[in-house]
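Visitor: build the 3D model from these lines:
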Amino acid sequence: FIGLLKQLNNWSSKLTSMTPNFRKLEAKNSQFKWTELHQSEFNALKEQIKSLSFLSPFDVNRDMKIQVDASKEGGLGYMLFQQYSKDAEIKIITMASTGLTSAQRNYSATELELLGVVWALNHAKVYTTGNNLVEVLTDHSALESLSKKELGEIENPRLIRLLEKISHFNYRIKYIKGKS
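Guide: Have a look, this model is predicted:
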């Protein structure tokens, strides 16, 4: 729960400041004892999270987009969202990030970006499996053309393995300019 609060703190700086009693529970050598103070703090946090307007429940009847990014320094990250019309604001369903292993830091840019797509689709599989088309947005233009190739046309074994890992998803990769 604290991890979720840290993630959501980017949109509401109030959240982590509302957790003094929770933080005491996390302290080293502290005994876990749930009190009325903790319950009250928990209830207030739930209400604050529900009031965040950018989060939205998943709608199985709407198309979804997943914006993916990867970098050797920052690792992998994605944001899964739905948009109810072209001009409407986006509604974030879920988002996550992870670091890279030392081996993954040696991947080429295309391998790393594709790894990000594989990780994102699998990490959000509760939403991305068996549903409508998932439009994968990336700022790495090579992925768009790579995803349209037959596996036999690709020479890089790592890229082939990564593409095989997402072959069961209904997705389309679309290039978007960085910073858009």
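
Visitor: SS state for the residue nearest to Ala124 when sequence neighbours are not counted?
Guide: In space, and not counting its chain neighbours, Ala124 is closest to Leu80: 5.0 Å by CB to CB, 6 or more residues apart in numbering. Heads up, the C-betas are built off the backbone N, CA and C, glycines and all. Here Leu80 is strand, with the state taken from DSSP: H, G, I helix; E, B strand; the rest coil.

Visitor: what's the spacing between Leu80 and Thr128?
Guide: Distance of Leu80 to Thr128, computed by CB to CB, to the nearest Å: 8 Å.

Visitor: mutual contacts of the two, please.
Guide: By CB atoms under 8 Å, 6 or more residues apart in numbering, Leu80 and Thr128 have these common neighbours: 64, 66.

Visitor: run through who's touching the helix or strand harbouring Val126.
Guide: In the assignment (DSSP states H and E), Val126 maps to helix 125-128. Defining contact as CB under 8 Å, 6+ apart, one finds that helix 125-128 is touched by 58, 64, 66, 80, 93-94, 121, 134, 169, 171.

Visitor: with distance to Ser17 and pLDDT added, can I get these in CSV?
Guide: Putting the contacts of helix 125-128 into CSV (distance: CB to CB, whole Å; pLDDT from 0 to 100) gives the following:
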residue, distance to Ser17, pLDDT
Phe58, 29, 86
Met64, 32, 91
Ile66, 31, 95
Leu80, 27, 91
Ile93, 26, 88
Thr94, 24, 86
Leu121, 35, 96
Val134, 36, 94
Phe169, 39, 94
Tyr171, 39, 95
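
Visitor: which among those residues end up buried?
Guide: By neighbour count, with 16 or more other CB atoms under 10 Å, the contacts of helix 125-128 hold 64, 66, 80, 93-94, 121, 134, 169, 171 as buried.

Visitor: contacts for stretch 72-84, please.
Guide: Under CB under 8 Å, 6+ apart, the answer for stretch 72-84 is 56, 58-59, 62-70, 89-100, 105, 112, 115-116, 119-120, 123-124, 127-128.

Visitor: quick check: Ile66 vs Leu163, distance?
Guide: Taken as CB to CB, the span from Ile66 to Leu163 is 16 Å.
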